[in-house]
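> Sequence and predicted model, in that order:
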Amino acid sequence: MPNEWDLSILYDGFDDPKLKADLNELDAKIAETAELGAEAGDLPHAELIRRYLALSESLEILASKLYEYASLRFSVNTADAEASSMTGRLMSKLSATAASDAKIRALIAGFEDLDGLIGGEFGEYAYLLRSIRRESRYLLDDAREELFAKMKISGASAWEDLQSSLTSSVKADYRGEKIPLSAVRNLAYDPDPAVRKDAYEAELACYESIKEAVAFALNSIKLQTITECEIRGYDSPLDKALKNSRMKRETLDALIGAMEEYLPKFWQYLRAKAKALGHENGLPWYDLFAPMGKSDRTFTVEETKEALLSFFTPFDAELAGMIRRAFDENWIDFWPHEGKVGGAFDAGVPSAKQSRVLTNFAGSFSDVITLAHELGHAFHDQQVFTHSILNQDYTMPVAETASTFNEVVANNAARAMAETKEEKINLLESELTDACQIICDIYSRYLFETSVFENRSEEFMNADRLSELMLEAQKKAYGDGLDPNCLHPFMWLCKGHYYSGDLSFYNFPYAFGGLFARGLYAKYKKEGAAFVPVYKELLHATSVNDVEDTAKIAGIDLTDKAFWEAGLASLAEEIDELCALLA
C-alpha cells in the first residue's frame, strides 16, 4: 500500500497538457467575468443571475482544481518552486475578477424582486443569493475590491507562506541530530519521559532562529485584518469571523460560558495525570501528551485501516466504504519528512468528488484517532459534494463536527473492546488529552488571539511580547493543572491557524465541533440506526444554512447554554472515571 497520496486525479505534473488547457480556460472565464460585469447593469435580473451562477460555477471548478493541485504539492514539499509559483499565479489571475464580481453581487443584492426570483428558477441557490444580499453591506466599490484582492497576494498570503515555509524547514537539534520540527513535535507522544522532555527543549530552542521573522508575519496579518474590517464596516475581527461562520454571538457566548464553568474539572484531570507521572506542581508541558496505561502497541498503515473499519462499520456502511477507498485509492499522505508541513488536514477535491488527507503518522493510537478525525472531514465532503460547487462551502464551526464525531465513535469503540485496567486507562486518558485540547488549549488560543487584536492597533508585538501574551492565556486556560514554570511560550509560532488574512479566530470552532459532536453522539446512542440519516442530512445542510438552523435538524438549540453543558458533563464523568482508575 503506497504511503503517499495520488494527485493524478487532478494532473500528472505542471507540464501536463490538461493543466495548461485548464489554465487557458481559466483565463477565458476570467475575461468572460469582466465582460459580464461590464454589461450587468443592462441585463434583465433573471438573465444576470442565470449567467452569473453558470459562470461562477465553471470558474470555481477550474480554480479549485488548479489551486488544490498546487497547494497539495506545496504541502508535502515547501521547497517546490513550481507549486509556490503556481499558487501565486492563480491568486494574481483570480484577483482580476474581484471588481466585476463585487459589482455583480452589489446589483443582485439590490434587486427588489430577488425573493420572487429565488422562489422561481433559482431555488437551489436560495441560501447563496440571500447571503449575497446579507453580505452586500460589507462590499466596497469595484476598484477597492480589486485593490484588496491584489494586495493580499503580497500581503497576508505572502506572510502566511513565510510562516509555513519557516516552520516546515527549520531543524531541531535533538540529541545531536538535526530533525524536522514536525518530527520533534511528534516525540511529545513518546512513552519515554526523557525523550519527551528532551524533545520539548529541542523544540523551544529551534524557534529562536525564526521567531522574529514569524512575529513580523503575525503582526502584519493581524494589522491587515483590522484595517480591512474597519474599511468594510465590521465591528471587529471577531464580528467578521462570526458572520463568516454564519453563527450568532449568542451561540458563541453560550459555548464560551459553558467552557469557562467546566475549566476547573479539566484542571482536576491535569493534576491527577501530573501526580500519576510523579509531578507535584502541576503537569509540565512536555508531559501534556504523555501516554498512560499500557500503550506498547504501534500501528502499521494496514493495521490502522483495519482498526478504523472495525470502528465505523457498525455505525454506517457508507462511511466505512469511504474509509476503505481512502486507503485503497491512495487519498492519504502518511509520513513526516523534511519540507512537509506539520499537523494534519483534509482537502476536498470537488472535481473528483474525493478528498486528500495529510497526516504526520508515527504509528501511535493518537495518530489513528487523528486519521479518524481527518476522514470525518472527508465524509463531510462526501455529503456536500451532491450540491452544486457554489453550494459546497460550509463554515468553520460545523467544519469540525463530522471530524470530532468520528473521534467520539472511534474512542468509544476502542474503550468497549479494552480488556484490562491498563488498556482502559490508556484509551480514556488519550481521549481526555484530546478533549483537554479542544477545551483548555482552544480557550487559550481564543484568549491569545483576542489579546493580539486588542493590542495590534497600537503596538507592534515582537516575539517576546507574543510569547508573554501566550503564557498569560495558557495560565488562565490551564489554571493550576499545568506547572506554571513549564508552559509553551511559542504556541503562537507553530500553529498555522493564526496566519490567515481571511480566517480569524480559527479556534472556537474546534470547541464547537467537539461539544456539538458529543451532543450528536448522545442522540445516536439513544436513537440508534434511525439517527444516521438525520446525521447525514445535517451534514448535507451545513453548506446551505446558518449553524443554528443546521442544528435544528437534530432538534438542538445552540444558543441554550444547557446544551453545551450537557456535552461538558459527559466529559466530566470521564474525568471522574479516569481519576478513580489512577487513584
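Received, thanks. Residues are numbered from 1 along each chain as shown.

> For the residue lying closest to residue 515 once chain neighbours are set aside, give me the pLDDT.
In space, and not counting its chain neighbours, residue 515 is closest to residue 567: 3.8 Å by CB to CB, 6 or more residues apart in numbering. From N, CA and C alone the C-beta is placed, and that goes for glycine too. With respect to pLDDT, residue 567 has a value of 89.

> Residue 567 and residue 512: what is the separation?
10 Å (CB to CB, to the nearest Å).

> Settle it for me: which of the two has more neighbours?
When residue 567 and residue 512 are compared for neighbours, residue 512 comes out ahead with 27 against 23, by other CB atoms under 10 Å.

> a helix runs through residue 178, doesn't it?
No - assigned with DSSP: H, G, I helix; E, B strand; the rest coil, residue 178 falls outside any helix and is strand.

> ok, what's across the strand from it?
Taking DSSP bridges as the rule, residue 178 bridges to residue 173.

> Correct me if wrong: it contacts residue 169.
No - Residue 178 sits out of contact with residue 169 when judged by CB atoms under 8 Å, with a separation of 11.4 Å.

> next SSE after the helix or strand harbouring residue 50?
Taking DSSP states H and E as the definition, residue 50 sits inside helix 45-76. Toward the C-terminus, helix 45-76 is succeeded by helix 81-95 as the next helix or strand (DSSP H and E).

> Identify each buried residue in that following helix, please.
83, 84, 86, 87, 88, 90, 91, 93, 94, 95 (16 or more other CB atoms under 10 Å).

> Also stretch 484-504?
Buried, per 16+ other CB under 10 Å, within stretch 484-504: 486-501, 503-504.

> centre of the chain versus the helix or strand bottoming out on mean pLDDT in the chain, how much separation?
Here the helix or strand of the chain ranked lowest by mean pLDDT, DSSP states H and E is helix 142-154, holding a mean of 81. How far helix 142-154 lies from its chain's middle: 25 Å, per CA atoms, centre = their mean, to the nearest Å.

> Give me the contacts around it.
Outside helix 142-154, the residues that touch it by CB atoms under 8 Å, 6 or more residues apart in numbering are 37, 88, 91-92, 94-96, 98-103, 139-140, 224, 228, 231, 501.

> orientation of the helix or strand just after that helix relative to helix 142-154 in degrees?
As assigned by DSSP H and E, the chain's next helix or strand after helix 142-154 is helix 156-169. Angle, helix 156-169 to helix 142-154, by axes from the mean of the first three to the mean of the last three CA atoms, to 10 degrees: 10 degrees.

> and helix 156-169 with helix 45-76, angle?
Using the same axes, to 10 degrees: helix 156-169 against helix 45-76 is 20 degrees.

> Offset the numbering so it begins at 25, please.
Sure, I'll start counting at 25 from here, so that last one is helix 180-193.

> Do me a favour and average the pLDDT over helix 180-193.
92.

> What residues sit buried inside it?
Here helix 180-193 shows 180-192 as buried, counting by 16+ other CB under 10 Å.

> farthest pair in the residues you listed?
Using CB to CB, the buried residues of helix 180-193 span at most 18.5 Å, a distance reached by 180 and 192.

> what's in contact with the strand or helix carrying the residue nearest to residue 539?
Take DSSP H and E as the rule and residue 591 turns out to sit in helix 585-606. With contacts defined as CB under 8 Å, 6+ apart, helix 585-606 is touched by 278-279, 281-283, 285-286, 289-290, 292-293, 296-297, 299-300, 316, 445, 448-449, 452-453, 455-456, 459, 463, 538-540, 542-543, 546, 580-581.

> redo that, cut-off 7 Å
278-279, 281-282, 286, 289, 292-293, 296, 300, 445, 448-449, 452-453, 455-456, 459, 539, 542-543, 580-581 (CB atoms under 7 Å, 6 or more residues apart in numbering).
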